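1. Structure for this input, please:
(chains A and B)
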There are 2 protein chains.
Amino acid sequence: VKNIAVMLSGCGVYDGSEIHEAVLTLLAIEQAGAKYRCFAPNINQHHVINHLTGEVMAKEQRNVLVESARIARGDVEDLTEFYIDEFDALIVPGGFGAAKNLSDFAINAEAFKVNEQVMTVCQAFVKANKPAGYMCIAPVMIPLIYGENAQATIGHDVGIVKALIDVGLAHRDCAVDDIVVDTRRKLVSTPAYMLATTLTEAANGINKLVARVIKMMD
Amino acid sequence: VKNIAVMLSGCGVYDGSEIHEAVLTLLAIEQAGAKYRCFAPNINQHHVINHLTGEVMAKEQRNVLVESARIARGDVEDLTEFYIDEFDALIVPGGFGAAKNLSDFAINAEAFKVNEQVMTVCQAFVKANKPAGYMCIAPVMIPLIYGENAQATIGHDVGIVKALIDVGLAHRDCAVDDIVVDTRRKLVSTPAYMLATTLTEAANGINKLVARVIKMMD
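-> Numbers count the residues shown, from 1 in each chain, chains lettered A, B, ... in the order given. You can find the predicted model right below:
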């Protein structure tokens, strides 16, 4: 049985992992006959957003690992406990957590960095030549993880696309329910809620991403 | 197009809505060609549970409506804004939020009550002879909403089953991926994560519940 690490970044589209994307990812992995284990960094969230109003809750502080546990029904592990030998692939759902907690792209797009622990884990898959899938806003991390000319999609936002081309991403436009595949790098991406307006649109792209990542393990 | 109200109770299995169940419900509704709108009561959660450790976070206070918005990507409405004429059916996902926020069954099983706003909305479907589906732990509310002899399943926990039989539930055992139907009351229930050990098991029961609820609208 193939084992896939799923990296979460909190619990909620505006300050953590996009919940639908995360759940659809876990479902797709399970229904493809593979297994998953969820991971998250044990760090504070960049901030907490009231998802009803969109406003920052200035007095709140939440931990990425602890909130990610909500999506994983408690079954989430600290990124520091990750060992590459135990996994065949990595999948990173989207949500602003990928651009606020796993990286700081949403805060500092012109000179953003990927969290050091996150970088170590993601690059372990590159070094081991094992496949990975990034969805929604998570592909912002790809140029820093894979270096120049990696092919991926990040939706249609002109500002975001330009910022990523500036740091070396070979950006590819992609339909909402489709995937972009960088065969040489064993790297798959899908727009998910960067473009999706329904669960079904997101699910169609995510299902393709998971299927392709699993196929690349062979 | 049929419209289904989905009642949420927070965001996370131990103190709110079970996230997988909620997302699988929304997906099933959408894929059946129906529409949903999410609702939650604008009240404080009974408490906040650290989903990594299972412990109460005594200093935290969170609002059920605000946290439910995480599952609904912001698109959740206050229960006070609910009008029965706009809906064809109700579905209530599980998670301890149903037994801690929507009702107080988890705190006071021998003399529990349903939140007044929740009761008003749920009973509106009874009075209008419109179907409803309750999953996981949410059926604890059924005897108080539907009165004596309503048929439903709540899993296999002997203590919970007894407490509900004591207040008049006609409890039915049910396989993890199946449903119990009270035809006369247009009432459907499924065990979901009361019994499920995988997303697929939960999804199979939830898909059947949603399909049956939609069929009962005709």
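
2. can you count the residues close to residue A:75?
-> Neighbourhood size, residue A:75 [other C-beta atoms under 10 Å in any protein chain shown]: 12. Where C-beta positions appear, they are placed from N, C-alpha and C, glycine not excepted.

3. So for it, what's the nearest residue that isn't a sequence neighbour?
-> Distances taken as C-beta to C-beta, 6 or more residues apart in numbering or on different chains place residue A:38 nearest to residue A:75, at 6.4 Å, with adjacent residues excluded.

4. So the one you found belongs to a strand, correct?
-> Yes - assessed with DSSP: H, G, I helix; E, B strand; the rest coil, residue A:38 lies in a strand.

5. just checking, it touches residue A:74?
-> No - Residue A:38 lies out of contact with residue A:74 (C-beta atoms under 8 Å); the separation is 9.9 Å.

6. neighbour-wise, which of these two wins?
-> residue A:38 (24 against 16).

7. so what's the more buried one bridging to?
-> Following DSSP bridges, residue A:38 is listed with bridge partners residue A:6, residue A:76.

8. Run through the residues that contact it.
-> Residues in contact with residue A:38 (C-beta atoms under 8 Å, 6 or more residues apart in numbering or on different chains) are A:5-8, A:26, A:68, A:71-72, A:75-77.

9. Of these, which count as buried by neighbour count?
-> Using 16 or more other C-beta atoms under 10 Å in any protein chain shown as the burial test, the contacts of residue A:38 include A:5-8, A:26, A:68, A:71-72, A:76-77 as buried.

10. all strands for chain A, in order.
-> For chain A, applying DSSP state E gives strands covering A:3-7, A:35-40, A:76-78, A:89-92, A:132-135, A:151-152, A:170-171, A:180-182, A:187-190.

11. What pLDDT does the model give the residue nearest to residue A:75?
-> pLDDT recorded at residue A:38 is 98.

12. quick one: contacts for residue A:49?
-> Applying C-beta under 8 Å, 6+ apart, the residues near residue A:49 are A:12, A:14-15, A:55-57, A:96.

13. for the residues you listed, which one is nearest chain B?
-> Comparing the contacts of residue A:49 against chain B with C-beta to the nearest C-beta picks out residue A:12 as the nearest, at 3.6 Å.

14. Report how many residues lie close to that closest one.
-> 29.

15. Could you do residue A:207 as well?
-> 19.

16. Spell out which residues of chain A are next to chain B.
-> Within chain A, the residues that sit near chain B (C-beta under 8 Å from any C-beta of the partner chain) are A:11-14, A:18-20, A:23-24, A:26-27, A:30-31, A:50-52, A:54, A:65-67, A:69-74, A:76, A:193, A:198-200, A:203.

17. Report the central residue of chain A.
-> Centrality entry for chain A: nearest residue to the mean C-alpha point is residue A:92, 2.6 Å, by C-alpha atoms, centre = their mean.

18. quick one, what contacts it?
-> Taking C-beta under 8 Å, 6+ apart, one finds A:6-7, A:98, A:102, A:122, A:132-135, A:138, A:141 in contact with residue A:92.

19. and if you look at residue A:172?
-> Taking C-beta under 8 Å, 6+ apart, one finds A:151-153, A:180 in contact with residue A:172.

20. circling back to that earlier point, please name the bridge partners of the residue nearest to the centre of chain A.
-> In beta-bridge terms (that is, DSSP bridges), residue A:92 pairs with residue A:134.

21. Show me which residues of stretch A:106-118 are buried.
-> A:106, A:109, A:112, A:114-115, A:117-118.

22. Give the buried residues for the longest helix anywhere in chain A.
-> Looking across chain A with DSSP state H, the single longest helix is helix A:199-217. By 16+ other C-beta under 10 Å, the buried positions in helix A:199-217 come out as A:199, A:201-214, A:216.

23. Chain B: which of the residues you listed is nearest?
-> residue A:199 (4.8 Å).

24. List the contacts of that closest one.
-> A:20, A:24, B:23, B:26-27, B:30.

25. now those residues: which count as buried?
-> Members of these classed as buried by 16+ other C-beta under 10 Å are A:20, A:24, B:23, B:26-27, B:30.

26. which residue sits closest to residue A:208 in space, ignoring its chain neighbours?
-> residue A:179 (4.8 Å).

27. Confirm for me that that neighbour is in contact with residue A:188.
-> Yes - in this structure residue A:179 lies within contact range of residue A:188 using C-beta under 8 Å: 5.4 Å.

28. list residues touching both of the two?
-> What both residue A:179 and residue A:188 touch, as defined by C-beta under 8 Å, 6+ apart, is the set A:209, A:212.

29. Those two - which one has more neighbours?
-> residue A:188 (29 against 25).

30. Retrieve the pLDDT associated with that one.
-> pLDDT, residue A:188: 98.

31. for residue A:218, same thing?
-> Model confidence at residue A:218, given as pLDDT, is 77.

32. who touches it in this structure?
-> Contacts of residue A:218 (C-beta under 8 Å, 6+ apart): none.

33. quick revisit: could the strands of chain A be laid out in CSV, adding distance to residue B:61?
-> What follows is the strands of chain A, written out as CSV (distance: least, C-beta to C-beta, whole Å):
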stretch, distance to residue B:61
strand A:3-7, 29
strand A:35-40, 23
strand A:76-78, 23
strand A:89-92, 31
strand A:132-135, 33
strand A:151-152, 40
strand A:170-171, 43
strand A:180-182, 43
strand A:187-190, 37
